[in-house]
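[1] quick one, what's the 3D model for this:
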Amino acid sequence: MKTNKYDTIIIGSGACGMIASITAKNNNKTVLLIEKLSTLGNKLKATGGGRCNLSNTLSNAEFMNAFGRNGKFISDALSLFDYKSLISFFKKIGVEIHIPDGFRIFPTTHNSTTIINALESELKKLGVDILFNTKVEKLIIEDNNIKGLIANNINFYSDKIIIATGGLGYPQLGANGDGYSFAKEVGHKITALYPAMLPLITKEKWVNNCRADTIAKAEIKIDLPKVKKLKAVGDLIFTSNGIRGPIILDFAREITPFLEQYKEVPILINMIKGMSEDQIYKYLKSNINFNILDNLTSILPKSIAIEICKLCNVDVNLKFNKLKGNIKNNLIKTLSATPLTIIGHDGFKKAMITRGGVSLKEIEPKTMQSKIIKGLYFCGEVVDLDGPCGGYNLQWSFSSGYLAGHLL
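    Sure, this is the predicted structure:
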């Protein structure tokens, strides 16, 4: 390394940090990428279970809608670098991409190492300086302008610094919230931080008896006043102590804040593809030749049918029309909305992403530059923006990193 002065310095070598470095270098800037671990893209290795779901084929409008009320913030980054740009970028650096289900975008190897190796090779080819095993200790600010940073007790100077440090999820892969600390120290507001995209633990123990089954198109909602409109649909999987699956990974971000407030969060799950109480009644009544267990196993896995019968004190050998009125009504209600109580989770050590971050109100969406400190930029998970499963968060990381690295 020949100098301590650069046009651009990037902190963090995740998806957004690496693409920001490549983009800045392609714009003829001198670039330093700082990583506190000994290798690049450590959290990227775990993306999509290691398969690396890069993005999806939604239109920009639909993509932004998936992020909820903050989705419009993505508009400029996505306009500059959408999924088509992402595919083109990776093809240029030697990665073959495919869309096996017409929606999710993967490297053809379905291996995140392919993506990391290609990005690392491009960084080296372009001549980006990289510092490994280097911890950034402090940003250097003068008159609300970025001037550099201190890392390993050495001053590095730059008029542009990009914070791409990610969130708090997977601390074993290096996440520790450095970016939030840097932002807070220079006056930025950090919204409340919660683990998201992770399994949930239930009070009910019967879930342990249903681990072998996956429920397709389950519907889930929170059974609390004022938030009953919050709902999701997707595949549900029972675990030894709770629930997981795509629907839970997506919906956990809504539940974890309530857990902090209430300690227990009641939820209701429809596991029969949204059938209403009337539809359930008519269906069960029409199958008069079967006992109730055989009747239920035509719409539910047997293990779950048995547990619901236990919850409702149903004699599984009786036919539906022989059940007492109160038991019959309770069974129909429970089938339509099976109650579970969320009592916990494994925290950030199992969280794929973080809900919360640097306030979007203090970041300029057209550039990703801080509105408080000139020359300070943010991208990726460190900001208060997170989306569902399906390539949303990784596309956001690439898009925001590209935007931040694109401009001086």
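[2] correct me, but G12 touches A164?
    Yes: applying CB atoms under 8 Å as the test, G12 and A164 come out as touching, 3.9 Å apart. Glycine gets a C-beta too; all of them are placed from N, C-alpha and C.
[3] overlap in contacts, the two.
    Shared contacts of G12 and A164, defined by CB atoms under 8 Å, 6 or more residues apart in numbering, comprise G179, G380.
[4] which residues in the stretch 101-250 of the chain form helices?
    Taking DSSP state H, counting those that start in this stretch as the test, the helices found in the stretch 101-250 of the chain are 112-126, 178-185, 246-262.
[5] can you tell which of those is closest to N291?
    Among the helices of the stretch 101-250 of the chain, the nearest to N291 by CB to CB is helix 246-262 (30.6 Å).
[6] now for that closest one, which elements pack on it?
    Under the contact criterion of 3 or more CB pairs under 8 Å, 6 or more residues apart in numbering; DSSP states H and E, helix 246-262 touches strand 194-196, strand 200-202, strand 214-222, strand 231-238, strand 265-270, strand 338-344, strand 353-355.
[7] what comes up buried for the first one?
    Of the residues in strand 194-196, those scored as buried under the neighbour-count criterion (16 or more other CB atoms under 10 Å) are Y194, P195, A196.
[8] do the third one as well
    Of the residues in strand 214-222, those buried by neighbour count under the rule 16+ other CB under 10 Å are I215, A218, E219, I220, K221, I222.
[9] pick out whichever of the residues you listed sits closest to E264.
    Distances from E264 to the buried residues of strand 214-222, taken by CB to CB, are shortest for I222, at 11.6 Å.
[10] in JSON lines, list the helices and strands packed on helix 246-262 along with mean pLDDT.
    Shown next, in JSON lines, are those (pLDDT from 0 to 100):
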{"stretch": "strand 194-196", "mean pLDDT": "94"}
{"stretch": "strand 200-202", "mean pLDDT": "98"}
{"stretch": "strand 214-222", "mean pLDDT": "95"}
{"stretch": "strand 231-238", "mean pLDDT": "94"}
{"stretch": "strand 265-270", "mean pLDDT": "97"}
{"stretch": "strand 338-344", "mean pLDDT": "98"}
{"stretch": "strand 353-355", "mean pLDDT": "94"}
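[11] in JSON lines: the ones you listed, plus distance to F103.
    Conversion of the helices and strands packed on helix 246-262 to JSON lines gives the following (distance: least, CB to CB, whole Å):
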{"stretch": "strand 194-196", "distance to F103": "21"}
{"stretch": "strand 200-202", "distance to F103": "25"}
{"stretch": "strand 214-222", "distance to F103": "16"}
{"stretch": "strand 231-238", "distance to F103": "14"}
{"stretch": "strand 265-270", "distance to F103": "24"}
{"stretch": "strand 338-344", "distance to F103": "29"}
{"stretch": "strand 353-355", "distance to F103": "20"}
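[12] so which of the ones you listed is nearest D7?
    strand 353-355 (29.5 Å).
[13] can you give the strand pairings for the closest one, parallel or anti for each?
    Sheet pairing of strand 353-355 (DSSP bridges) gives strand 194-196 (antiparallel).
[14] what sits against the residue positioned nearest the centre of the chain?
    In the chain, the centroid-proximal residue (CA atoms, centre = their mean) is I353; its distance is 4.4 Å. Contact analysis of I353 by CB under 8 Å, 6+ apart lists G167, G169, A196, M197, R253, E381, D386, N393.
[15] report how many residues lie close to the closest residue to the second one other than its chain neighbours.
    Using CB to CB, 6 or more residues apart in numbering and skipping residues adjacent in sequence, the residue nearest G169 is A351, 4.0 Å away. Counted with other CB atoms under 10 Å, residues neighbouring A351 total 26.
[16] give me the local confidence score for A351.
    Note on A351: pLDDT of 91.
[17] and L139, which of the helices of the stretch 101-250 of the chain is closest to it?
    Across the helices of the stretch 101-250 of the chain, L139 has its closest neighbour in helix 178-185 (5.6 Å, CB to CB).
[18] re the thing from before, quick check: the residue nearest to G169 vs L230, distance?
    As judged by CB to CB, to the nearest Å, A351 and L230 stand 19 Å apart.
[19] kindly report the same for T47.
    Distance, T47 to L230, by CB to CB: 26 Å.
[20] who's more crowded, these two?
    Using other CB under 10 Å as the criterion, T47 and L230 rank with T47 on top: 22 against 15.
[21] ignoring the adjacent residues along the chain, who's closest to the more buried one?
    Sequence neighbours aside, S112 is the residue nearest to T47 in space, at 5.4 Å (criterion: CB to CB, 6+ apart).
[22] pLDDT weak spots in the stretch 301-408 of the chain?
    Across the stretch 301-408 of the chain, the ranges flagged by pLDDT under 70 are 408.
[23] tell me the strands in it, going along the chain?
    338-344, 353-355, 363-364, 369-370, 376-378 (DSSP state E, counting those that start in this stretch).
[24] relative to L78, which of the ones you listed is closest?
    For the strands of the stretch 301-408 of the chain, distance to L78 was read as CB to CB. The smallest value, 15.2 Å, belongs to strand 363-364.
[25] for the closest one, packing partners?
    Applying 3+ CB pairs under 8 Å, 6+ apart, one finds that strand 363-364 contacts strand 369-370.
[26] quick one: residues in contact with the strand it packs on.
    Strand 369-370 has contacts (CB under 8 Å, 6+ apart) with V186, H188, E362, I363, E364, G375, L376, Y377, F378, A404.
[27] number of residues surrounding the fifth one?
    What that stands for is E364. 13.
[28] now it: how far from G380?
    Taking CB to CB, one finds E364 at 16 Å from G380.
[29] returning to that earlier point: would you turn the helices of the stretch 101-250 of the chain into a markdown table with distance to E307, mean pLDDT and mean neighbour count?
    Formatted as a markdown table, the helices of the stretch 101-250 of the chain follow (distance: least, CB to CB, whole Å; pLDDT from 0 to 100; neighbours: other CB atoms under 10 Å):
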| stretch | distance to E307 | mean pLDDT | mean neighbour count |
| --- | --- | --- | --- |
| helix 112-126 | 37 | 97 | 18 |
| helix 178-185 | 42 | 96 | 20 |
| helix 246-262 | 18 | 93 | 20 |
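[30] sorry, back to before: in TSV, list the strands of the stretch 301-408 of the chain along with distance to P107.
    Converted to TSV, the strands of the stretch 301-408 of the chain look like this (distance: least, CB to CB, whole Å):
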stretch	distance to P107
strand 338-344	35
strand 353-355	21
strand 363-364	30
strand 369-370	31
strand 376-378	27
